[in-house]
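J.: next one to model:
(2 chains)
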Amino acid sequence: MAISDVKEYAHLTEEEVDQLGRELDAIRAEIEESRGESDAAYINRMIRVQRALAAAGRVTLLVGTQFKETRKPAWVLGAGLLGLHKILENMEIGHNVMHGQWDWMNDPEIHSSNWEWDTAQPAEQWKHSHNYIHHQFTNVLGYDNDIGYGILRMAREQKWSPYNLGQPIYNSLLATLFEWGVALHDLDIERIRKGEKDPKEMKRQLKQIFRKGRNQVLKDYVVYPPLAGKQWKSVLTANVAANITRNLWSYMIIFCGHFPDGAVHFTEEEIEDETRAEWYLRQILGSANFEGGRMLHVLSGSLGFQIEHHIFPDLPSNRYPEISEKVQALAAKYDIPYTTGPLYRQYGQALRTILKLSLPNSWTSSDQPEPPTPPHDRKRRGDDERPSRRTELGGWSRSHSEARG
Amino acid sequence: MTSTIPWERVRRSASKLTTPLHPDDYLRLVNPLWSARELRGRVETVIPETEDAATLVIKPGWGWRYNHKPGQYVGIGIQVNGKFQWRSYSVSSPPERRRGTITITVRAMPEGKLSSHLVKGLEPGTIVRLALPEGDFVLPDPPPRRILFLVGGSGVTPVMAMLRTLDRRSQENGRAMPDVVMHYSSPTEDRMIFREELDRLEQKHDGLTIHRLHTDVDGMLDLAELDHVCPDWRERETYACGPGPMLDAITEHYEENDLEEHLHLERFSLELGGEGGEGGTITFQNSGKTIEADGATTVLEAGEEAGVGMPYGCRMGICHTCTLTLLSGKVRDLRNGDEYDSPNEPVQTCCTAAVGDCTLDI
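T.: The predicted structure follows:
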């Protein structure tokens, strides 16, 4: 079912694909042209709200737990506020700032080059594993490490092994500890297991993760609880609850991006000599949106517009709704599949795939239409084996020379 | 004062509570001036000076040291249409902490959207970004015994800071104003910034003599006239600030008289007089982009050409907003030919060009 030629799959001629590319370029130019005051106000407002939530959550927990009558409501309210702050910070703010969506403001305090987010993964490693690897090689088997994150088998082309029988368990662990799964993501566990990872680079990354993770753990579990004196336990458990809430929510949203039925995978033939227009088309075919109100979209970091985000990763997230209308019109015009649905259904399909693929292919049926493709070597590629990167993606900060000795 | 409290240590400990952010990232939401992470200031008042010039009184936030030298300029960043634009202006107030404010005087340029906005459209209360004071066009302390100021138009602003400093010192420690001659050209009397204050200063100090020239009526100063205006100009330290052609003429005149060592200039536009680099491939590491640039193209222009989101400011080597880390290779400063090639050296991208291949951290 993996696709080796997007044009053929979408039944479009080369000219049609090029035309689609030009129309998408025009949408991009229009948004870039019209970025202005109200966009800047949006991200600044988001940041103000998020920091106010953080402060309110901490104070509620430290003060509210001191009195017997307010202890329980304060725990619930405080954990909720903190969880909300972390969700906003990681998703609508951090993820999008690091994509360079707000670099145009020329504001040194809201810039992809120096943003650091409130989670265990160092920003620099995120920008490599996500902005570069995932956004350039979206859904290409062997190239995109986000297909199952090296933990889950998410495509029928990936070889089954008895290890996969445990997928339901790995999945719940990943959901609960998502922050830490993300933290280790750029290490590329699969390549380490196969002994393909440069040990020097691994050591450097581990050190970076350790430093960042230590500060995060110290803050939530060592520094804040004692400030509540005798009530340290309440604060500690509330902080754990806030982190887990954020983990479960971001896990679910992220699994709705490329795993629902309809978001397809590609083979490496597709990325050979891929044009920009074909890259656009691959992003549309490989991503899935979900529907919801404005609040849901903000709380999910605008990832309900996964398709729009993948074709324009560095345009401001508050503009995705209007971009989406135009992209849907184009999808209708060119008769390209545009995958979307309610959140529960999208996640439900992802979960079903996780469960189904824990078993060998012959025991289950595919949920995707299945055009025949020749068998392929699915081994994981390193940076030096991947084609050089596309320029429209967000930054990451590690030199090849440094990384590869 | 409050210097007994080790603020740096307090902030460092507090950052354990706010990691990965700084405490200032939260405090600035309470009061925009409570952050030392990026220098900021609040525009307190806008005082019209002439029809097209105004003085902005700015209250700087945390991290401002009030130690600028009279004559230096500051970078000021204003958000216009969501985007920060940077310019540099001379500080016209003398360096004094107790005032709690600094002033800059801006003339609206005919083509300058930003300067017009500063003069006419800035509301009191607006928060602006600031860059630390810089510049070598400064009055030494102690000042030279005999001084000549040659000023044209809004070039008066750094000189005003010098005069105000001399005036203040004479009040504070009874030191008399040194022997100062000022020649001030302006198109008309109305457009003469600070003219009333200059009148007052001239009356107050015996040592200060001011020649005013209205060039719309009387024509430009012919430097041959300098012997009449200020017969002992050869024995004075000269500070000149004004339009480029005026400064060029003055430089030439002083060189002819072998006096260039006594001439101090302030220019407000980037003169790419130095030789270009040799050019080469510039690699922008984080974004993975590369571009071939010739020796006359600045790193900033090359980066923008390549589609990198380069930070930029004044584009004339003043404000340092555009500074990036040079990871490897060599760049040359187009203003003076200085070369930078140490690994991890910060370089100003707006006035440097590649000398061979180089890599920048962005």
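J.: B:Thr209 falls within a strand, correct?
T.: Yes. B:Thr209 forms part of a strand when assessed by DSSP: H, G, I helix; E, B strand; the rest coil.
J.: which SS state does the residue lying closest to it once chain neighbours are set aside fall under?
T.: Distances taken as CB to CB, 6 or more residues apart in numbering or on different chains place B:Val181 nearest to B:Thr209, at 5.0 Å, with adjacent residues excluded. Quick note: C-beta positions are derived from backbone N, CA and C, even for glycine. Using three-state DSSP, the structure places B:Val181 in strand.
J.: ok, what's across the strand from B:Val181?
T.: Here B:Val181 sits in beta bridges with B:Leu148, B:Thr209, going by DSSP bridges.
J.: list the contacts for it?
T.: Neighbouring residues of B:Val181 by CB atoms under 8 Å, 6 or more residues apart in numbering or on different chains: B:Ile147, B:Leu148, B:Phe149, B:Thr209, B:Ile210, B:His211, B:Val229, B:Cys230, B:Trp233, B:Arg236.
J.: look up the closest residue to the last one, ignoring the ones flanking it.
T.: Distance criterion CB to CB, 6+ apart; nearest residue to B:Arg236, sequence neighbours excluded, is B:Leu148 at 4.1 Å.
J.: check whether that neighbour really touches B:Glu237, as I assumed.
T.: Yes. Using CB atoms under 8 Å, B:Leu148 is in contact with B:Glu237, at 7.2 Å.
J.: the more surrounded of the two?
T.: Higher neighbour count among B:Leu148 and B:Glu237: B:Leu148, with 24 against 18, using other CB atoms under 10 Å in any protein chain shown.
J.: can you pull the contacts of that one?
T.: The contact partners of B:Leu148, by CB under 8 Å, 6+ apart, come to B:Val180, B:Val181, B:Met182, B:His183, B:Cys230, B:Trp233, B:Arg236, B:Glu237, B:Thr238, B:Tyr239.
J.: what do you get if the cut-off is 7 Å, keeping everything else the same?
T.: For B:Leu148, the contacting residues are B:Val181, B:Cys230, B:Trp233, B:Arg236, B:Thr238, by CB atoms under 7 Å, 6 or more residues apart in numbering or on different chains.
J.: out of these, which is most surrounded?
T.: In terms of neighbours by other CB under 10 Å, the contacts of B:Leu148 top out with B:Thr238 at 24 neighbours.
J.: report all helices and strands that the one helix or strand it maps to contacts.
T.: Secondary structure from DSSP states H and E places B:Thr238 in strand B:237-241. Judged by 3 or more CB pairs under 7 Å, 6 or more residues apart in numbering or on different chains; DSSP states H and E, the packing partners of strand B:237-241 are strand B:146-152, helix B:156-173, strand B:263-266.
J.: which residue comes closest to A:Asp220 once chain neighbours are left out?
T.: Per CB to CB, 6+ apart, closest to A:Asp220 is A:Asn239, 4.3 Å.
J.: doesn't A:Arg58 fall inside a strand?
T.: No. Applying three-state DSSP, one finds A:Arg58 to be helix, outside a strand.
J.: residues touching it, list them.
T.: A:Tyr224.
J.: from B:Ser13, how far out is it?
T.: Going from A:Arg58 to B:Ser13 by CB to CB, to the nearest Å gives 16 Å.
J.: equivalent analysis for A:Leu355, please.
T.: Using CB to CB, one gets 48 Å for the distance from A:Leu355 to B:Ser13.
J.: low-confidence stretches in the chain?
T.: All of this is about chain A. Within chain A, the segments meeting pLDDT under 70 span A:1, A:369-378, A:388-392, A:394-405.
J.: wait, I meant chain B there
T.: Along chain B, segments meeting pLDDT under 70 span B:1-3, B:268-277, B:318-319.
J.: flag every residue of it that's near chain A.
T.: B:16-17, B:19-20, B:26, B:29, B:37-38, B:79, B:81-84, B:285-289, B:307, B:309, B:311-312, B:361-362 (CB under 7 Å from any CB of the partner chain).
J.: give me the subset of those lying in strands.
T.: Secondary structure defined by DSSP state E assigns B:Gln79, B:Lys83, B:Phe84, B:Lys289 of these to strands.
J.: quick one: contacts for the second one?
T.: Looking back up the chat, that one is B:Lys83. Counting by CB under 7 Å, 6+ apart, B:Lys83 touches A:Trp104, A:Met105, A:Asn106.
J.: which parts of stretch A:193-213 are buried?
T.: A:Lys197, A:Glu201, A:Gln205, A:Gln208, A:Ile209, A:Lys212, A:Gly213 (16 or more other CB atoms under 10 Å in any protein chain shown).
J.: relative to chain B, how far out is the third one?
T.: Just to be clear, that refers to A:Gln205. 16 Å (CB to the nearest CB, to the nearest Å).
J.: now do the helices in the stretch 301-405 of chain A.
T.: A:306-311, A:320-334, A:343-356, A:400-404 (DSSP state H, counting those that start in this stretch).
J.: need those in CSV with distance to B:Met160, can you?
T.: Shown next, in CSV, are the helices of the stretch 301-405 of chain A (distance: least, CB to CB, whole Å):
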stretch, distance to B:Met160
helix A:306-311, 53
helix A:320-334, 50
helix A:343-356, 63
helix A:400-404, 51
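J.: chain B: which of these is closest?
T.: helix A:400-404 (8.8 Å; CB to the nearest CB).
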